[in-house]
Each structure stands twice: as structure tokens, then as C-alpha cells.
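>>> no FASTA, just this:
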């Protein structure tokens, strides 16, 4: 990217340094807002943060998101393969349109919020999913069939990833039900593997990890033959989500390049007819990732050998640890998360550019596995008091995701600010109609309302709701903007500069945004909806 | 982001608009308004706006709320209950006034003397 992170926000920074600006004066605040608006446009122009545009851009600078969308469309079989190209082309647009048609979305060929959320729901292992919307007449719709086939493949239950027309996932779902039964993961009802219940079990990766933590260990070779692919691939998915060097590439021999034992086909075992032991091959990526996982968790070396090589006998312990990390995330407050991220940035601001270097190369892992990484990070912080923690890929995912979330909120406010201010300051409130109701205000925001003697009551009520909504949104936007300005001022005055200051401020405001949202909810309780 | 020129104009309007936020007064009338009104009436004075729109009007003041920033305030309503939609419109205006004040004060959070520092023309 070649960005100098110590520079950036030139207009805003100049105003902060300007001695003539009195902190807190109306002119000062409004000037800073104007300056920051222009600086924010530059932030997107340079590709530091690129929220999803509402309409198809001529050229998107959001390399990581474009690559992720392309990868997801390819995984679902809408593209013949993932070229990895980080730009928009006709093939990409056609695939998006086909997905939108199958998913009953507005067909515009661009992945806006609605399409992005639908893709996330189908492909991400952590995104909350509303599976009911993907069912019709009790059967999965085409996009869900593709997503089921993809997940079954990733879990080692089928040998083929989706490609071309929507596949029939029945075979793979039968294998999933069989695995569920053999490992005694829970009830095997209902009997129909294509039902909503079974789809929900398949797509609940957290639940699967929790259940595998208490699974029955297969005892016979026959059972192991039948089930080992599922167990190993479920573990591989978890390691991938947690940021380890392994891919959720399923159990497909065809993915192994000729003569290559270490890539692609990275899950395999050896079985001795003499000892009846199944062991992981040590030259496989999966083994190496698993070894690193347990080393990171500071487990005794002898125990690590058992937990890796003899994985088929000890896998519940692995899933138990994963389940604990998922639980850790569930009980961590936003304040605690923000404090951890801020702590890293405060100690190592010079590592911020590294975050963006990692983000460019992380692909779709930026958008998945975040909850597991929080658990991982907390564990790391607790066990590494005296270690220097380098901002690696996992920490980069958290920092980027955290800052991007806050950036999107603040940027959206900037985008709508002119309209909001115009709406609030115009003397006649939007929606006024003298035939029913007229509301005006003066420069002090004192209001006068006239209700027409023969007004339509429903029109008046709808107008009142509209007024409440307009002013509530305005108030919320003002709160966020005021808080952000205040934080950014403080950060810049403390010595951080440019984009480093911006990123630090965004991370700082993220936890506050949740507090503001909570306050807004509380406010509504007091003053009504 | 907002188009810089548009935002600049909007912020200028906001700057020119803000006067006295230390109290909120809301008045609600019933009556007939016979003249169409657009969003751009061209005045910030209620009386002038009403003068333009109440050609056939016969307005009656039915509710007044005044809230001072220091906590004082009063509500005047007629002895007989207001129709629901009139009460709702009055409450909506009160809440709108509160929301706008809360928002602006939050935006200028470190400037509690906002209303005092500007002289009302």
C-alpha cells in the first residue's frame, strides 16, 4: 500500500495544531468536522478503510473484500474457480447476479450490505444464520444447497465441493447424520437429513465444537474408517478459524498436487495392522498446525505428543479447548476487548502498518473466526505476561475488524451529515402538510405545531413518528461525532499522528459506540419510542 | 463522505441557527390552514410563517410546554382532555426539541456555555 501511517488527516491535524482555534468554540468544532470530512474521503481513496459501497463502484479499492467475495462465490460454485483477482470483472458480476437471483435478492450485480450479509450467512462459520429464510416448502433453496454441500465438503463428509448447478446435498447429509450417531453427539431425530433441524446442526459450528468435546471416541477400525475424515476436518476448520496455517479444504484426494505430501491433501493418517493405532503423519500441515496450537497453549511436551500424534484418541480434548475459547469470547465485555486492543496499540504503535500488511494477505479469514480469536488472545495475554507479543495475523484481524466497525459508523455519519443538518435546521419540519399538521421551529429550536381541524388522524400520527425518528437519528449522530472528535483531539494532542492516531481513536470509540447504543436504548425507554 | 461544499453550507446554517438552547418552549394550536406551505418558507420566525399560511385560519392555542435548562418548567393544557392525535403532536414536538438540544450539546460537549456565549439577535 505504501502508506505512511504517521501522516494522514492533514486538514484536521492542522486545525488541532492551530493556536488560534479555541478548544470547544462553535467555529472550532464545526471547522474540525468539515476538515475531517475531507480527510475521511482521502482515507477511503487510499484504501485504508473501505466500507461496502451501496452501489457498484467503478473500481473498488477494497482488495480484501473483493477477494473474499470472489472466493465465496467460487466456493459456492457460482464461479468455476477462484482466480484470486482483486478487481471487478464481467465474470465476477455475472456470478453475483446469479447468486442474487437464486437468493431472491435485488439483482444489481454488486455486493452491497444485503448480498454481503447473505453470503456471510451461507459461508461464514461464525456468522449468525437465519436458516428459515433459506427454506421453501420444507426443503433448502438453491443457495442453501450449495452452502450445505460446501460445509459438508469442508467437514470431510463429501469428496466434492460445489461446482456448477446447485448440488443435491442428501448424500453428504446422510454421512453427517451417521457421524452424529456414531459419535453420540445428540438426538438423531428427525430422520429427514434435509430438514431444518439437521441444517441447523450442520451450520452451528460452535455447537459442533461443544458436542465434539464430549463425543464418544470411536473404538473399532471400521468406525474409525468411517468417521476419521469428519473428526480431522472439523478440527481443521477450527484451526483455520483460530488463525493457524491450515485450510478448510476438505478431504478430497483430488486437491493434492502430484507428488506433494505436504499441501492440499493435508489430512491423512497411518494405520498399523499390528498395533491398530491411527496416527497423524508428521509432515502434514494439519499436524503442524495442531502442534503449534498446543504449544501456544503451553501444554507439556509429552502431553503434546499424545494430543497430536494420537489425535484420534484424544480429539475431545482439542474440541474442549476450542469450546472454552468460544465461551471466553461470550463472557468478554466490549470494554475488556477494547482495553486489550488499546493496550497493544499503545505499547506498539509502530506495528500498526504491519496490521494492514497482514490484512491484505488474509483473504476471507478477516471475516471469519473472530470470536475464537478473542478467546485465543485472552489466553495468550494471560500466559505471556513477560513475552513480547508481535502483532501477527490474528491480532491484525481483531484490530482491523474493530477499527473498521467504528470507521463505518463514523463515515456513514459524515456521508449523511449535510442532509441531516439541513433537515433539522429548516424551519418547517419535513412531512408538514397544512391540510393535516404543520410543525415549525425558530432559531432556538422552540416548536409550534398547528393541527388542522379536519386532519386525518393517521396522517398526523405518521408525521409525529417521522419527526421523532428524524430528531432521534440527528441526536445519535451528534453524540457519536462529538465523542469521536473529542477522542481524536485527545489522541492527537497526546503525540500520535496521522493514520496511527485515527486507528487508535477508532479502536477507542468502538467500545463507546456500544455504550452509546445502550444509552440510546435507555433514552427510548424514558422518552418513548 | 459528504460533498464538502454541501457540508460546508449545512454547517454554516447550523452555526447561524444555534442561539439559545437553555430553554425549550413548545406551543400547539388547532385550527384551519388554507395555504400550502413548502419547506422553504424563508423565515425562522414562527409568527412570520404563520402569517403566510393562516390566510383562512382561526387558530386556537391548546397546549404549551416550557422547560428551562435549570430544571424549571411548566405545562399548560386545557381542562378538557386533548384529542389523542393533538396530544401526540405536542409530545412529538417536545421530544424533538429535547433530542435536538441533547444532540447539539453532545456535539459541543466541552462547551457548556454554548447558549450563553452567543448573543441572541
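Done, it's in. All values reported here derive from a predicted model rather than from experimental measurement.
>>> Please enumerate the helices of chain B.
Using DSSP state H, the helices of chain B run over B:4-17, B:46-53, B:84-107, B:114-117.
>>> Find the helix or strand that residue A:29 is a member of.
Element membership of residue A:29 [criterion: DSSP states H and E] is helix A:26-45.
>>> Rounded mean pLDDT for that helix, please.
Here helix A:26-45 scores 85 as its mean pLDDT.
>>> how far out from the middle of the chain is that helix?
Helix A:26-45 sits 28 Å away from the centroid of its parent chain (Cα atoms, centre = their mean, to the nearest Å).
>>> in it, what's buried?
A:26, A:28-41, A:43-44 (16 or more other Cβ atoms under 10 Å in any protein chain shown). (Glycine included, C-beta is placed from N, CA and C.)
>>> Also near chain B: which of the residues you listed, exactly?
A:26, A:29-30, A:33-34, A:37-38, A:40-41, A:44 (Cβ under 8 Å from any Cβ of the partner chain).
>>> out of the helices of chain B, deepest packed?
helix B:84-107 (a mean of 22; mean count of other Cβ atoms under 10 Å in any protein chain shown).
>>> and it, what does it pack onto?
If contacts are counted by 3 or more Cβ pairs under 8 Å, 6 or more residues apart in numbering or on different chains; DSSP states H and E, helix B:84-107 sits against strand A:437-441, strand A:447-452, helix A:457-493, helix A:498-527, strand B:23-31, strand B:60-68.
>>> I'd like to know which of the ones you listed lies nearest to residue A:199.
Proximity to residue A:199 (Cβ to Cβ) singles out helix A:498-527 among these, at 31.3 Å.
>>> now residue A:176: how far from chain B?
Here the criterion is Cβ to the nearest Cβ, to the nearest Å. By it, residue A:176 lies 48 Å from chain B.
>>> Also residue A:335?
20 Å.
>>> which residues touch that residue?
Residue A:335 sits next to residue A:511 when contact means Cβ atoms under 8 Å, 6 or more residues apart in numbering or on different chains.
>>> So residue A:235 versus residue A:173, what's the distance?
Using Cβ to Cβ, to the nearest Å, residue A:235 is found at 21 Å from residue A:173.
>>> so residue A:502 makes contact with residue A:10?
No: with contact defined as Cβ atoms under 8 Å, residue A:502 and residue A:10 do not form a contacting pair (11.7 Å).
>>> and the closest residue to residue A:470 other than its chain neighbours, how many neighbours?
Closest residue to residue A:470 apart from its sequence neighbours, by Cβ to Cβ, 6 or more residues apart in numbering or on different chains: residue A:423 at 5.9 Å. By the measure other Cβ atoms under 10 Å in any protein chain shown, the count of residues near residue A:423 is 17.
>>> and what of the one 10 residues further on?
Counted with other Cβ under 10 Å, the burial measure for residue A:433 works out to 16 neighbours.
>>> And residue 18, what's its pLDDT?
Unless you meant another one, I'm taking chain A. The model reports residue A:18 with a pLDDT of 56.
>>> actually chain B
71.
>>> Kindly report the same for residue A:126.
84.
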